[in-house]
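Participant: Got a sequence here, can you build the structure:
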Amino acid sequence: AEAIKELFLGLFQHYDVDGNGSLNVSEFDECLNSASLNLKPAEVLALRNAADADEDGNVSIEEFLNVAFDVLLFVARERAIDAAMAKQN
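Facilitator: Purely as a prediction, here's the structure:
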């Protein structure tokens, strides 16, 4: 779990372009879109809204880490659903 946390921390720091300790809308969206998660724009928006717990328009490192594992679970679930539907067709 610590290795995954370090990976997420590095990802956050890479996309915190202005170095202010939080991701603004464009930084957060670029971070998710670059992660090859194949998220739809509505999914990125939903995740951003979920991550921004204090609703200040930015995602702090704490907020980011809190939802990072949820993002992985969300993507895994979506891929499993897509695979199951593909098998039915």
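Participant: Give me the buried positions along the worst-scoring helix or strand of the chain on mean pLDDT.
Facilitator: When the helices and strands of the chain are scored by mean pLDDT, DSSP states H and E, helix 61-88 comes last with a mean of 86. By neighbour count on 16 or more other C-beta atoms under 10 Å, the buried set for helix 61-88 is E63, F64, L65, V67, A68, V71, F74, V75. Just so you know, the C-beta spots here come from the backbone N, C-alpha and C atoms, and that holds for glycine as well.
Participant: I'd guessed the third one sits against F8; true?
Facilitator: Think L65. Yes - using C-beta atoms under 8 Å, L65 makes contact with F8 at a distance of 5.9 Å.
Participant: name the element the nearest residue to A68 once chain neighbours are set aside belongs to?
Facilitator: The shortest distance from A68 to any residue other than its chain neighbours is 4.3 Å, reached at F8 (C-beta to C-beta, 6 or more residues apart in numbering). Using DSSP states H and E, F8 sits in helix 2-15.
Participant: Counting by contacts, list what that helix packs against.
Facilitator: Judged by 3 or more C-beta pairs under 8 Å, 6 or more residues apart in numbering; DSSP states H and E, helix 2-15 is in contact with helix 25-34, helix 61-88.
Participant: ok now the longest one, how far from the chain's centre?
Facilitator: In this case it means helix 61-88. Distance, stretch centre to chain centre, for helix 61-88: 10 Å (C-alpha atoms, centre = their mean, to the nearest Å).
Participant: can you check the first one too?
Facilitator: The gap between where helix 25-34 is centred and where its chain is centred comes out at 8 Å by C-alpha atoms, centre = their mean.
Participant: Only alpha carbons, please: show it as PDB.
Facilitator: Presented in PDB, the C-alpha positions along helix 25-34 are these (Å, rounded to 0.1, in the frame of the first residue of the first chain):
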ATOM      1  CA  VAL A  25      -9.400  21.900 -12.600                       C
ATOM      2  CA  SER A  26      -7.100  21.600 -15.600                       C
ATOM      3  CA  GLU A  27      -4.200  20.000 -13.700                       C
ATOM      4  CA  PHE A  28      -6.600  17.400 -12.200                       C
ATOM      5  CA  ASP A  29      -8.200  16.600 -15.500                       C
ATOM      6  CA  GLU A  30      -4.900  16.300 -17.300                       C
ATOM      7  CA  CYS A  31      -3.600  14.000 -14.600                       C
ATOM      8  CA  LEU A  32      -6.600  11.600 -15.000                       C
ATOM      9  CA  ASN A  33      -6.600  11.800 -18.700                       C
ATOM     10  CA  SER A  34      -2.900  11.100 -19.000                       C
END
